[in-house]
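Asks: here's a sequence, model it:
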Amino acid sequence: MVKAIWNGTIIAESDETIVVEGNHYFPADSVKTEYLVDSQTHTVCSWKGQASYYSLNVSEQLNRDAAWYYPAPKQAAQQITGYIAFWRGVKIEK
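Replies: Reported below is the predicted structural model:
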C-alpha cells in the first residue's frame, strides 16, 4: 500500500498507483478530497499535456499547489487520466 502523507495526515492511500517519471499517481478515489483546495495554477508538459493543481489544507496549514493531475492528458499519458500526484513536502511511503 502506497501512502501520501503531509502534515502528519494521510492524504491518499492505494495499492494501485501508477509511477511516471518517479512520481506515484494515485487514483482520484483514493485521495481524501476534504484536504484538496482548487488552484488556478496550470503547467504544460511536452508529452503529458496541461496539468492542473490542488493545494492541500490540513489542520489549517496550506501547502500551495502540492498536488497535480492531468484532466485531459495527451495520448502518451492516457494511463494517468483520473490520477493525482504529489510533491512539495508530501511524503510518499510504501
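Asks: what mean pLDDT does stretch 87-94 get?
Replies: Over the span of stretch 87-94, the pLDDT mean works out to 97.
Asks: buried residues in it, which are they?
Replies: Val90, Ile92 (16 or more other Cβ atoms under 10 Å). (C-beta placed from N, C-alpha, C; glycine too.)
Asks: what's that stretch in contact with?
Replies: 1-6, 11, 23-24, 56, 63-68, 86 (Cβ atoms under 8 Å, 6 or more residues apart in numbering).
Asks: how about stretch 31-45?
Replies: Here stretch 31-45 has contacts from 4, 9-12, 50-58, 62, 64-65, 67-68, 70, 77, 84, using Cβ under 8 Å, 6+ apart.
Asks: and it, which residues are buried?
Replies: For stretch 31-45, using 16+ other Cβ under 10 Å, the buried residues are Val31, Tyr35, Leu36, Cys45.
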